[in-house]
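Chemist: The amino acid sequence is not available; the structure is as follows:
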């Protein structure tokens with residue numbers, strides 16, 4: 001059974017940076033298409049970005065394009081979300097998710113992801 005564990009969240013000032021990690025255990029993370037989602041306070045969970053199983057395709061929601069970058073380290077079986085130029089509206093609990101797949105497709109819908117981490121809190125102060 002695959003397990004995902006996020007880390008790296010915290011409190012940062014506007015304009016600062018954080019790098020979130022998603023450690024995958026139980027199976028190589030490059031067996032999966034991976035996604036990052038977030039849930040702002042009092043709101044629904046929303047799509048942030050995703051990477052295809054082959055690592056060749058990424059997709060980001062408009063509000064984070066140019067600021068957030070997804071990458072991975074096969075040796076560490078870990079996915080990352082580098083977040084730069086953070087804004088107060090980026091405050092949320094961030095989740096990573098995995099969808100079994102063997103393609104160059106990226107997935108934006110929560111319902112397609114079978115495995116989820118517990119989330120990590122990111123707070124951006126103004």
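Modeler: Looks like it arrived, so ask away. Keep in mind that this is a model prediction, so the values were computed, not measured. Numbering: from 1, shown residues only.

Chemist: Just the element for the most centrally placed residue in the chain, please.
Modeler: Taking C-alpha atoms, centre = their mean as the criterion, residue 36 is the residue nearest the geometric centre of the chain, at 2.5 Å. Counting by DSSP states H and E, the element that carries residue 36 is strand 32-39.

Chemist: so how far is the helix or strand following that strand from its chain's centroid?
Modeler: Following the chain from strand 32-39 toward its C-terminal end, the next helix or strand by DSSP H and E is strand 46-51. Computed by C-alpha atoms, centre = their mean, to the nearest Å, the chain-centroid distance of strand 46-51 equals 6 Å.

Chemist: Tell me which other helices or strands the helix or strand that strand 46-51 is followed by touches.
Modeler: The element immediately downstream of strand 46-51 (helix or strand, assigned by DSSP H and E) is strand 58-60. Using 3 or more C-beta pairs under 8 Å, 6 or more residues apart in numbering; DSSP states H and E as the contact definition, the elements that strand 58-60 packs against are strand 46-51, strand 68-73. (Each C-beta comes from the backbone N, C-alpha and C, glycine too.)

Chemist: Can you give me the neighbour number for residue 65?
Modeler: With neighbours defined by other C-beta atoms under 10 Å, the count for residue 65 comes to 11.

Chemist: Who are the contact partners of the closest residue to residue 3 other than its chain neighbours?
Modeler: Setting aside the residues directly before and after it, residue 3 is nearest to residue 25 in space (C-beta to C-beta, 6 or more residues apart in numbering), at 4.8 Å. Taking C-beta atoms under 8 Å, 6 or more residues apart in numbering as the criterion, residue 25 is in contact with 2-5, 77.
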